[in-house]
Structure formats: C-alpha cells, structure tokens
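> give me a model of this one.
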Amino acid sequence: MNEDTRGLDSNARLDWHTGFEGGLRLSLRNYAYYIDIEREHYLSSEPLRIDFLVVRKNADAVIDNAIGRGFLGHNLIEYKNPYDELNIDVLWKVIGYACLYKSFGRTVDQIKMTDITVSVFRAVKPVKLFKELVNDGKNIEPVYPGVYSINGLLGIPVRIIVTDELEDGELIAFSVMSQNATEKEIRQFVQEASKLKEPGEKRNADAVLQISANLHGELYSKLRGDDTMCEALRELMADDLKEAETKGMEKGIEQGMEKGMEKRDTQKIMEMLKDGKTPEAIVEFCKYPMEQVLKVQGEMLVTK
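The predicted structure is shown next:
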C-alpha cells in the first residue's frame, strides 16, 4: 500500500507499540541471554525518551537475523506505526537522541559513538524520505530484504527497517502485523507461538496477535474453521479463556449471593407482614427499601 493512501481509521487506536515490543522480543528471543531490551528508555530526567534500547551484554555473541546482525553495543530503536509520519526531521530527531544518549554515560566517553546504532522501524518504505536523502547526497544501501542502511549521517550507522518487506523467518512476528500479511505467514506464526511455554513469550505473542487479528479479522475467522489452527489459537488464548472463565464464575457466585440475600429478605418481609406489621414499620425497623416491601406485599395479595 502506498504511504500516501493511508488514512487514520479504527486501527490507529490499536496499541501498536505493545505489538511491536512483542514482535521485537519474539524476534530476538533466541538471543535474550546476550541482550537487554528496555522500553521507553529515558534519556534524561525530563520526558525525553527513545522507544526502545537494545544493549548487547556480550560483544562476542552473534545475533543472527536481519535486524540483529547490524547491532553494535548500544542500539536505539524508534518505532513508527503505519499511521505515523517518517520525514527528515523525525530521522534527525532520532539521531539527536543517539547523541544525547552518548553524552549521558556515567563517565566521560564511557559510551563510544562508534558503538551506537540507530534503527527506525516502519511498515511501508518512506519513499519521499529516501528521495530527499539521495538528493542530499546520501547513499541508501539495501542490506537485506526490508533493511536499508543510510550512509553519510554523522558517521552513526542508521538503518530504516521496512517491516512489510522483511523475509527473515525469525522476524515473522513483524510480518503478521503487516497489512500485507499472508495466510501462510499467519499460520506459521500461530503454530510457532502456540508452542511457546514461557509466560513472558506468550504475552509477547498475544500482543502481536492483538494487532494481527484486528488487521486480518477474516483470515483469523477462516483459521478458526481449521481444526489444527483452532487448537493452536485455543492454546495461545488459554490464559485469556481461563481468566474469562474465572471472571464468569466470580460473577455467577456474586449473582447467586445476591439472589440468596434477596430471597432471605423476601421471606423475612413476608413473615413480618403476616404478623401484622405495616410496611412503614418494616422499613423503619429493618431499613428495607419501601419499594421492596410494597413489592412483597403486592405479591402476597396476588397469591391469596
């Protein structure tokens, strides 16, 4: 889809950043031992922050997928959902974040400028931005499908990651959040995600599914008709279903208690009326609402 044809609609209200975080963590889960991922890493005491920071804990560890191969020690990530604009000022703002981040080391030059990368993730290729950069003498090099390196900006490695174009199997979480996601990709993701055991990984997969299912409702309805896919989806949603069941049971218990109390009160009001107590007296001594007392009295008259 051309970036100029996109408009704001109900999808703009989706929690895109949480979905992206789920995709990012799933895509790098095989390397979780070697990296730390922080969401909205604060650059100062003021509300100035980058979307994500990926810090390598082991410089010798190999992160072998299309986004991880370009990582250095400190990797700043800006995520733009399909309805956010990505222009030259946004790009320089993120590069500015990298400069600020470098300056906030605990000691002088603790964070080397040569050890920082900047990545901007966006669903669709920013054609206008690329054209402007080329006209300004910058070189844009496609490194992997969906990964573009921009050379000539302050010497910092800067990449634009176009998630709609990613083909790396480890990055399928981003593919299913694309408006161009295929049934094959969604099936693959659902099958892989249903096998996840760690609670954190399952939560990340759920965040991705929230976005994907909203974008591709018809495809997911179709998958529910497939026994294998239905079971995989059921496995993924087991915690949600259990929570819903628990809430339903709690509500049922609550309603049962209310009905029990109502029945008990009705019996007490009937006994007092039979003893000759007036509705006014019952209200005064028992503090029941007059409407409730009169209702019981009316039902007694009808049954006589």
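> any chance you could map the strands in the stretch 101-250 of the chain?
Per DSSP state E, counting those that start in this stretch, the stretch 101-250 of the chain carries strands over the ranges 116-122, 139-144, 147-151, 158-162.
> format these as TSV; extra columns: distance to residue 281, mean pLDDT and mean neighbour count.
In short, each C-beta sits where N, CA and C put it, glycine included. Formatted as TSV, the strands of the stretch 101-250 of the chain follow (distance: least, C-beta to C-beta, whole Å; pLDDT from 0 to 100; neighbours: other C-beta atoms under 10 Å):
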stretch	distance to residue 281	mean pLDDT	mean neighbour count
strand 116-122	73	96	22
strand 139-144	85	96	13
strand 147-151	82	96	18
strand 158-162	77	97	22
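> who wins for proximity to residue 288 among these?
Judged by C-beta to C-beta, the one of the strands of the stretch 101-250 of the chain that comes nearest to residue 288 is strand 116-122, at 62.3 Å.
> contacts for that closest one?
Under the contact criterion C-beta atoms under 8 Å, 6 or more residues apart in numbering, strand 116-122 has outside partners 20, 67, 70-80, 82, 84, 86, 90-91, 94-95, 97-98, 101-102, 156-163, 174.
> a markdown table for the strands of the stretch 101-250 of the chain, including distance to residue 52?
Shown next, in a markdown table, are these (distance: least, C-beta to C-beta, whole Å):
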| stretch | distance to residue 52 |
| --- | --- |
| strand 116-122 | 9 |
| strand 139-144 | 20 |
| strand 147-151 | 16 |
| strand 158-162 | 12 |
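> closest one to residue 215 among the ones you listed?
Distance to residue 215, taken as C-beta to C-beta, is lowest for strand 116-122 among the strands of the stretch 101-250 of the chain, at 15.6 Å.
> just the angle for the closest one relative to strand 147-151, thanks.
130 degrees (axes from the mean of the first three to the mean of the last three C-alpha atoms, to 10 degrees).
> wait, isn't residue 77 in contact with residue 55?
No: using C-beta atoms under 8 Å, residue 77 and residue 55 do not qualify as a contacting pair, with a distance of 11.4 Å.
> and these two? which has more neighbours close in?
Neighbour count, other C-beta atoms under 10 Å: between residue 77 and residue 55, residue 77 has more, with 24 against 16.
> show me the domain layout of this structure.
Annotated domains of the chain cover 3-236, 255-303 [automatic domain parsing].
> pLDDT of the last one, averaged?
When the per-residue pLDDT values of domain 255-303 are averaged, the result is 73.
> how much distance is there from it to the middle of the chain?
Distance, stretch centre to chain centre, for domain 255-303: 51 Å (C-alpha atoms, centre = their mean, to the nearest Å).
> and residue 70, how many neighbours does it have?
Residues near residue 70, counting by other C-beta under 10 Å: 17.
> would you check that it makes contact with residue 149?
Yes: contact criterion C-beta under 8 Å: residue 70 and residue 149 qualify, at 7.4 Å.
> pull the helix or strand with minimum mean pLDDT from this structure.
None of the helices or strands of the chain scores lower by mean pLDDT, DSSP states H and E than helix 238-274, at a mean of 59.
> just give me the neighbour total for residue 135.
Neighbour tally, residue 135, other C-beta under 10 Å: 8.
> any regions of the stretch 51-200 of the chain where pLDDT drops low?
Scanning the stretch 51-200 of the chain for pLDDT under 70 picks out nothing.
> the helices in it, which residues?
88-103, 127-135, 172-176, 183-194, 199-215 (DSSP state H, counting those that start in this stretch).
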